[in-house]
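In: Here is the input, now give the coordinates:
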Amino acid sequence: MAVRRTGDWSRARAFLSAAPQRLHTAIQTATRQEAQALRNEIVRGITSQAPGGEPLKPPKLLTLAGRRLRKFEGTKALLVRGDLRNSIGVIVEGDQAFVGVLRRAKSASGEDMVNIADVQEFGSQPIVIPITPKMRRYLFALFKEAGISRKLGPSKGVVVVQVPARPFLRPAFEKFKHGADRRFLERVARELGLSAPGAR
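Out: All right, here's what the predicted structure looks like:
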């Protein structure tokens, strides 16, 4: 049986030889797009106070009073100057991506944002703060600003505080996972100029 080739075989060979690189580039682009979309989801969750649809615990009265004493009027959780929200970053290397708070991120006052993010995401252990004369004056001003009537005795003592967990990363990740496979394949297909999987 004789086989006869027809068509532009040189063009076909060129297309097939370029296919692996085109696919590699499409996967990298889709990875970068998904990573940026996840970052947007996290930022949106902090702004709306409901990461992944789960409402954040609102700040307590003393927290809000402390903000006012420092001339910050915001009443949202995790949002004072926006340092935490602004520290959410993306690093893409090949077909892998990191989305979260970067280790090099700093607050406006120079604090490591990764440590602050960890405390907010998981909560803190009890923190014992000695009551110095300066702390006593601050607590008096804080209670007054919060409208709380409380007397502090003259004896030395401590204040124990604990930061409650306010997860802002995990709920966003969980929400974003749904449909991730389909979205990723659709992005790759678009980059290759193909119909999306399942499209009619």
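
In: make it CA atoms for all contacts and neighbour counts henceforth
Out: OK.

In: Kindly list the longest helix within this structure.
Out: Assignment by DSSP state H gives helix 9-48 as the longest helix of the chain.

In: What is it packed up against?
Out: Using 3 or more Cα pairs under 8 Å, 6 or more residues apart in numbering; DSSP states H and E, the elements in contact with helix 9-48 are strand 88-93, strand 96-101, helix 170-177, helix 180-192.

In: Show the contacting residues for the nearest residue to G74 once chain neighbours are set aside.
Out: Distances taken as Cα to Cα, 6 or more residues apart in numbering put V80 closest to G74, at 6.0 Å, once the chain neighbours are dropped. Neighbouring residues of V80 by Cα atoms under 8 Å, 6 or more residues apart in numbering: R67, F72, G74.

In: where does V80 land on pLDDT?
Out: pLDDT for V80: 88.

In: so it is in which element?
Out: Per DSSP states H and E, V80 falls between elements, in no helix or strand.

In: Any figure for the gap between it and G53?
Out: 21 Å (Cα to Cα, to the nearest Å).

In: Leaving aside the residues adjacent along the chain, what's closest to the most centrally placed residue in the chain?
Out: Nearest residue to the geometric centre of the chain (Cα atoms, centre = their mean): I42, 4.3 Å. Nearest-residue entry for I42: A172, 5.6 Å, with adjacent residues in sequence omitted and distances by Cα to Cα, 6+ apart.
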